[in-house]
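Colleague: model this:
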Amino acid sequence: MKLVPAQRLRAQWHRLLLKSAARYWFPHAPLALLLALGGLQLLQMDFGTHWPSRAVALFSLDAQLKTRLLPPLLIGGGMLVMALGLLWRSRLAWTMALLLELVGATSLLASGTAGHGWALLAYFGVVTVALLAAWRHFDRSSMAAGTLFAFTSVAMLLAYATFGALYLGGDFRPAIGDLVTALYFAMVTMSTVGYGDITPQTSEAKLFTVSVIVLGVAVFATSLTAVIAPMVSRSLKRIVDRGGSRMKRENHFVVIGNTPLAINTWREMARRGRPVTRLLRESPEAADLHGADLVVGDPSDLNVLREAGAHRAEAVLAMHADDSENAFVVLAVKELAGTARTVAAVNDARHLSRVKLVQPDVVIAPQVLGGELLAMLLSGEPVTPEFVMQRVFQQGADAPSGAHAKG
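Modeller: Okay, the predicted model is just below:
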């Protein structure tokens, strides 16, 4: 089968990812680096090359307040912190990073861009597009990432409330004239304690106080959720996993996916007494387990595949609804260097030749066959069992589409 340039390039890209063990560092490590560099550039543009000392001086008791420096400090500092979260592939860190990129671009536009400002604005745009393109890779929730998010959110809100109160100090009674009093007012307002010893007098001060109260409630609620949710999720996962049985994972079949084809294949293999392990990205409903040997995790992760015994299996069947995910599963199974045969399901006829590039042992395409069979039946053409088998099962290498499958 001759490959068009685009298919050849895609095959070379897949081989490069496989050889470089890209699943361990791509794309989260490059995106974390890009986000951190953007945060550093934003800080240096407003604070200069000695931005750490100037940023610390901004919080000193004797420093003169410069409110225009507060937004870039919060945004740039937030980018540096969220870059760590991206290294953990945290979905929460990805969301915060995307939000900070948009807020940073808006801040540059609002303050007027010139020279390096336009370059940094374009840089933020590129990083935003890269984050959106890689959203599938950030699907983890962890207590470490949740704690990082909570700490960053509380710190940013505290800085906003403290410096805002100091900037509007004359609009309060008694007036707020020092950083300690501003910090005290910020903590009392954020926690909704409200002793009433310092009260806003003008419309601006009242609106600012309302914003601190609303943001305080929202940040504390989301931060608590971000820290507790991973703990609850892991506990539920352990409960669900106990609902399934555990077998010796050797010379068995690993069925990956939760599509009707995957579910029916698992049921038919189990009905015939063959050992089968289901590998799902997310835990199903407890009622759907039915005593299945179940593994939950990323099917393209080598550790998850080893847990499912893919390296000792008789065959691994990749039956996701997304054909590209099936191709990556085949690549991951081949990286394990086991003896398992690989079966890849194809749901879209346009992807058939591309899935074959990863060279699965068997390509099964029952949906691709539907249109051809219907046309033959309506046209009165004979349909033989041999024809159906030739069209449903296709060799994964560069054989013609009508060739018989292996085994």
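Colleague: Could you report the distance from the residue nearest the centre of the chain to I256?
Modeller: By CA atoms, centre = their mean, the chain has its centre lying nearest to F138, at 1.4 Å. Relative to I256, F138 is positioned 21 Å away (CB to CB, to the nearest Å). Placement of C-beta: from N, CA and C, glycine included.
Colleague: wait, doesn't A29 sit right on L87?
Modeller: Yes - shown here, A29 and L87 form a contact pair, counting by CB atoms under 8 Å, at 6.5 Å.
Colleague: residues contacting S324?
Modeller: H351 (CB atoms under 8 Å, 6 or more residues apart in numbering).
Colleague: Provide a list of residues in contact with the nearest residue to L183 once chain neighbours are set aside.
Modeller: Spatial nearest neighbour of L183, excluding adjacent residues (CB to CB, 6 or more residues apart in numbering): T162 at 5.0 Å. For T162, the contacting residues are 179, 182-183, 186, by CB under 8 Å, 6+ apart.
Colleague: Next step: those residues restricted to helices.
Modeller: Secondary structure from DSSP state H places 179, 182-183, 186 of the contacts of T162 in helices.
Colleague: Specify which member of these is nearest to Q12.
Modeller: A186 (55.5 Å; CB to CB).
Colleague: Okay, domains of this structure per the record?
Modeller: Per the record, the chain has its domains at 21-140, 142-242, 253-395, by automatic domain parsing.
Colleague: ok, back up a step: quick check: chain neighbours aside, which residue is closest to the residue nearest to the centre of the chain?
Modeller: Nearest to F138 is W94, by CB to CB, 6+ apart, at 3.8 Å.
Colleague: what mean pLDDT does the strand or helix carrying that neighbour have?
Modeller: Here W94, judged by DSSP states H and E, is contained in helix 91-111. The pLDDT scores in helix 91-111 average 85.
Colleague: Checking F26 next. Helix, strand or coil?
Modeller: coil (DSSP: H, G, I helix; E, B strand; the rest coil).
Colleague: Just give the number of residues close to it.
Modeller: For F26, the number of neighbouring residues by other CB atoms under 10 Å comes to 14.
Colleague: Distance of it relative to A93?
Modeller: Taking CB to CB, one finds F26 at 16 Å from A93.
Colleague: Can you pull the phi/psi pair for T342?
Modeller: With angles defined as degrees, to the nearest 10, T342 sits at phi -110, psi 140.
Colleague: Name the nearest residue to it, ignoring sequence neighbours.
Modeller: P360 is the one closest to T342 (CB to CB, 6+ apart), at 4.3 Å.
Colleague: and the one you found, how many neighbours does it have?
Modeller: Neighbours of P360 using other CB under 10 Å come to 30.
Colleague: Now do the contacts for it.
Modeller: 318, 330, 342-344, 396.
Colleague: What about it? Give its phi and psi, please.
Modeller: phi -70, psi 160.
Colleague: Which residue ranges of the stretch 1-150 of the chain form helices?
Modeller: Counting by DSSP state H, counting those that start in this stretch, the segments of the stretch 1-150 of the chain that form helices are 5-19, 28-47, 51-58, 70-87, 91-111, 116-133, 143-167.
Colleague: looking at those helices, which is closest to D323?
Modeller: Here helix 5-19 is closest among the helices of the stretch 1-150 of the chain (CB to CB), at 12.4 Å.
Colleague: same question for the closest one, mean pLDDT?
Modeller: pLDDT averaged over helix 5-19 gives 67.
Colleague: Ok, stretch 198-209 next?
Modeller: Average pLDDT, stretch 198-209: 91.
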